[in-house]
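>>> output the structure for:
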Amino acid sequence: RLLDWTRLCIDMHEACQRWRDFGEITKSLPTRLLAILPGASRISVKLVLGDMLPKESQYTTLSHCWGGHLPLQLTSSNIDDFKRQIPWEQLPQTFKDAAIVTNTLGIVYLWIDALCIIQDSTSDWLHEAGRMALVYANSYLNISADASLNPDGGLFRDRDPVTVESCLVPASLKDRNFSGYCCYRHSWVEMVEATSLNCRAWVLQERYLAPRVVHFAADQIYWECCWRLTCEGLPMYFDFETHDTF
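Here you go, the predicted structure:
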């Protein structure tokens, strides 16, 4: 479903295709990115410089809660090691899952703040903070870890898909036959808008600057772009504002 949503958005949503134009955003790559390289047994991750990559390179971004402590960060002392390889086993689960999603989408590069900004350098942090509009607006897609309070929480949840499925209900009203999808409409507010992640002011720009966002929530995956909101429990061509959804 995620691949379907992405292809539909890229192929058919003109506003999403021209997202950078609306904000007069210059096409550019972040200063640093993580290269996600699939291997025989597992994914390999390393730090690369944006100006060394082809300008048409695509990348995803990650929105996540730090949770007060992040054991793995980019620093002045480990930047050379990160350029060679970042040990997979040291990555927190959310970072691993974001790498897997990125690879599944066929994208090679991923931007994560903790691993792409030098955390013990005030000058680098200030420089990169001023580039956030460029980083997110030029991204292919933003991955949002809505259900996790820290980087160890991961993106994926064990759940029963039946609990979020909608059902088509035929009905009649004043001699007019119609049908509507029955679902719980407040799930967007409860599972996305009201989460700890989306109550952070910093994430506001991450959500609204990116051309499209995939939300990994506690109950299901939600999709957000400038054209529509939707989720696993609703068909692709419905959104939360459709009057036939109740």
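>>> only C-alpha atoms for contact and neighbour calcs from this point on.
Will do.
>>> can you classify residue 215 by secondary structure?
Using DSSP: H, G, I helix; E, B strand; the rest coil, the structure places residue 215 in strand.
>>> again but with residue 151, I slipped
Per three-state DSSP, the secondary structure class of residue 151 is coil.
>>> what segments of this structure are helices?
2-12, 14-17, 19-22, 79-84, 93-104, 113-116, 122-129, 132-137, 187-188, 201-209 (DSSP state H).
>>> show me what counts as buried in the fourth one.
Taking 16 or more other C-alpha atoms under 10 Å as the neighbour-count basis, helix 79-84 is seen to contain the buried residues 79, 82.
>>> I'd like the numbering to begin with 309 instead of 1 from here.
With 309 as the first residue, the last one maps to helix 387-392.
>>> ok so, going back, reformat the helices of the chain as TSV; add distance to residue 377 and mean pLDDT.
Listed next are these as TSV, based on distance: least, C-alpha to C-alpha, whole Å; pLDDT from 0 to 100:
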stretch	distance to residue 377	mean pLDDT
helix 310-320	30	70
helix 322-325	35	72
helix 327-330	33	65
helix 387-392	19	98
helix 401-412	14	96
helix 421-424	11	96
helix 430-437	18	96
helix 440-445	22	91
helix 495-496	28	74
helix 509-517	17	81
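>>> go through these and name the closest to residue 470.
helix 495-496 (14.8 Å; C-alpha to C-alpha).
>>> can you give me how far that closest one is from the chain middle?
Centroid displacement of helix 495-496 relative to its chain, using C-alpha atoms, centre = their mean, to the nearest Å, is 17 Å.
>>> and the contacts of it?
By C-alpha atoms under 8 Å, 6 or more residues apart in numbering, the list of residues contacting helix 495-496 from outside reads residue 530.
>>> so where's the protein shaky on pLDDT?
The chain contains residues with pLDDT under 70 at 309-311, 313, 315, 318-319, 326-332, 471-494, 543-554.
>>> and the gap between the residue sitting nearest the centre point of it and residue 501?
In the chain, the centroid-proximal residue (C-alpha atoms, centre = their mean) is residue 451; its distance is 1.3 Å. In this view, residue 451 and residue 501 are 15 Å apart by C-alpha to C-alpha, to the nearest Å.
>>> how about residue 376?
From residue 376 to residue 501 the distance is 21 Å (C-alpha to C-alpha).
>>> what does residue 431 give?
33 Å.
>>> also residue 534?
According to C-alpha to C-alpha, residue 534 and residue 501 sit 16 Å apart.
>>> looking at the two, which has the bigger crowd around it?
Counted by other C-alpha atoms under 10 Å, residue 534 and residue 501 do not tie: residue 534 has more neighbours, with 16 against 13.
>>> so what's that one up against?
Contact analysis of residue 534 by C-alpha under 8 Å, 6+ apart lists 323, 324, 519, 520.
>>> same thing with residue 353?
Residue 353 touches 342, 343, 344, 345, 393, 394, 395, 396, counting by C-alpha under 8 Å, 6+ apart.
>>> count the residues that sit near the last one.
To tie it back to what came earlier, the one meant is residue 396. With other C-alpha under 10 Å as criterion, residue 396 counts 15.
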